[in-house]
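Trainee: Quick one, structure for this:
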Amino acid sequence: MRIADTEAVSASEASALFSELIDTPALVLAVSGGPDSTALMVLAARWRDALAKKPKLIAVTIDHGLRAESKREAADVGRLARKLGIAHRVLRWTGRKPKTGLQEAARAARYLLLAKAAHQEGAAVILTAHTLDDQAETVLIRLTRGSGLTGLGGMQRVMTLDTRSGTPSPHPNSGLPELGTFRGRSRIDSTSTGQGWGERARACRSGPPYPTSLRLVGLSPKGRGKEKKPSTAPLYLVRPLLDLPKARLVATLRAAKIPFADDPSNRDPRFTRARLRKLMPVLAEEGLTASRVARLARRLRQADQALETAVDANFAVLVQRKGRALIIEAAAFARLPVEIGLRLLARTLAPVAEGPVKLGKLEALKESLDAAIGTDAARFRRSLAGAMVTLRHGEISAEPAPPRRGGKSARGKKRIV
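Mentor: Take a look at the predicted model:
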């Protein structure tokens, strides 16, 4: 590790980390009490204090109810927040906890609760403390799972947060938008995102419905327990520390003599991330440092964006809508490079399928289509994720699959057509 990787974050660096959020009236900070999120809160406070027009900062701590220490850690965050002049809220994840996939369920619950707090506070932006080390671990985890190019691009600095599923979605801009304004069109959400942070904040004052098992505490009496009219305004998840090594955040806190919590689950070998975290020093000795893995992710994101641009162009030319179906010219589809063809097929299935299609199943579908086109098959018909894909008369069509017997779809729910 270089000496620079263990230096405290300077005041000028802190200013640069948050500078593009200067027009944001309110920011929610996800603060668990660990070193990364505690440093996020400290650095955000320093940036705010240097501004003439100061945004409101709200630190939100989530008590998952999984460890006895969590209540005390939340109280510690509250004390530090008061010293820094930051509002503090505690959110609790209540109800039954799954026996498998606990971390994934906790992550989804965390984002849902953060979203609810953001809507209550009229904030359009949630800041998390993901670091360079987290980015490297994420890429390695996805590598072990056989992820495609998009997954290996790792976490983006800016993402759109789905407030109904607790899932972050890719945003077309890899960095924070210039002057606090999003531009362009996402391949996930084609709606215009031209409003600035301020306009988004005002649009976010009404929150969407949330599962009743997610209990929010610590809000003002006026807002507690009161559901507001659902809003379709998006929330944005921003990771200002994504390019900083964790060691620099720890150094920042130690220089300021600020204590932080230690979560033992970060070293629990039952969890994949903890096992990979233990391997990181060994990989670094072979040259596979966190910064190099993150650099790989950045280059893959660039390639991913270039491929999406090519898919945009081909989709506009090759795909047409006929009634409920989307139609692709089969011969032209067969001539596309494999990766472009896969993405075009995924883009075509998205509006008619019942949910995301796994890459492996998408690859199998394309291979079958290619084989059918190559043999001039009279007819090809396959169903996938609630969509029906048909090859006939030189055209590939994708449309909602017909209901199964009893009016049920592939997911066991009644289909509305």
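Trainee: Could you chop this protein up by domain?
Mentor: What automatic domain parsing lists as the domains of the chain is 3-285, 309-400.
Trainee: Show me the helices in this protein, by range?
Mentor: With DSSP state H, the ranges of helices along the chain come out as 11-18, 35-49, 70-84, 102-121, 132-144, 149-152, 197-203, 246-255, 272-285, 290-318, 330-335, 338-349, 359-374.
Trainee: Packing partners of the fifth one?
Mentor: The one in question is helix 132-144. helix 149-152, helix 246-255, helix 272-285, helix 290-318 (3 or more CB pairs under 8 Å, 6 or more residues apart in numbering; DSSP states H and E). Placement of C-beta: from N, CA and C, glycine included.
Trainee: Pull stretch 275-291 out as CSV, backbone CA atoms only.
Mentor: Output of stretch 275-291 as CSV, limited to C-alpha atoms (Å, rounded to 0.1, in the frame of the first residue of the first chain):
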residue,chain,number,x,y,z
ARG,A,275,-14.1,-14.4,2.7
LEU,A,276,-12.9,-12.4,-0.3
ARG,A,277,-12.0,-9.5,2.0
LYS,A,278,-9.6,-11.9,3.8
LEU,A,279,-8.1,-12.8,0.5
MET,A,280,-7.5,-9.3,-0.7
PRO,A,281,-4.0,-8.8,0.9
VAL,A,282,-2.9,-12.1,-0.7
LEU,A,283,-4.2,-11.0,-4.2
ALA,A,284,-2.5,-7.6,-3.7
GLU,A,285,0.9,-9.2,-3.2
GLU,A,286,0.4,-10.7,-6.7
GLY,A,287,-0.4,-7.3,-8.1
LEU,A,288,-4.2,-7.5,-8.0
THR,A,289,-4.8,-4.5,-5.7
ALA,A,290,-8.1,-3.0,-5.1
SER,A,291,-7.2,0.0,-7.2
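Trainee: Can you report how many residues lie near Asp133?
Mentor: Counted with other CB atoms under 10 Å, the neighbours of Asp133 add up to 21.
Trainee: now it: how far from Val250?
Mentor: 11 Å (CB to CB, to the nearest Å).
Trainee: next one: Lys71
Mentor: Lys71 is 24 Å from Val250, by CB to CB.
Trainee: So which of these two has more stuff around it?
Mentor: Neighbour count, other CB under 10 Å: between Lys71 and Val250, Val250 has more, with 17 against 14.
Trainee: coming back round to it: now the helices and strands packed on helix 132-144 in a markdown table, please, with extra columns for mean pLDDT.
Mentor: Supplementary listing: the helices and strands packed on helix 132-144 in a markdown table, determined by pLDDT from 0 to 100:
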| stretch | mean pLDDT |
| --- | --- |
| helix 149-152 | 92 |
| helix 246-255 | 96 |
| helix 272-285 | 90 |
| helix 290-318 | 95 |
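Trainee: Out of those helices, which is closest to Lys54?
Mentor: Comparison of the helices and strands packed on helix 132-144 against Lys54 by CB to CB identifies helix 246-255 as nearest, at 21.0 Å.
Trainee: the inter-axis angle of that closest one versus helix 290-318?
Mentor: Relative orientation of helix 246-255 versus helix 290-318 (axes from the mean of the first three to the mean of the last three CA atoms, to 10 degrees): 130 degrees.
Trainee: Can you show me the CA trace of helix 246-255 as PDB?
Mentor: The C-alpha trace of helix 246-255 is given here as PDB (Å, rounded to 0.1, in the frame of the first residue of the first chain):
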ATOM      1  CA  LYS A 246     -10.800   2.500   3.200                       C
ATOM      2  CA  ALA A 247      -7.500   3.100   4.900                       C
ATOM      3  CA  ARG A 248      -7.700   6.800   4.100                       C
ATOM      4  CA  LEU A 249     -11.100   7.100   5.800                       C
ATOM      5  CA  VAL A 250      -9.700   5.300   8.900                       C
ATOM      6  CA  ALA A 251      -6.800   7.700   8.900                       C
ATOM      7  CA  THR A 252      -9.100  10.700   8.700                       C
ATOM      8  CA  LEU A 253     -11.100   9.600  11.700                       C
ATOM      9  CA  ARG A 254      -7.900   8.800  13.700                       C
ATOM     10  CA  ALA A 255      -6.500  12.200  12.900                       C
END
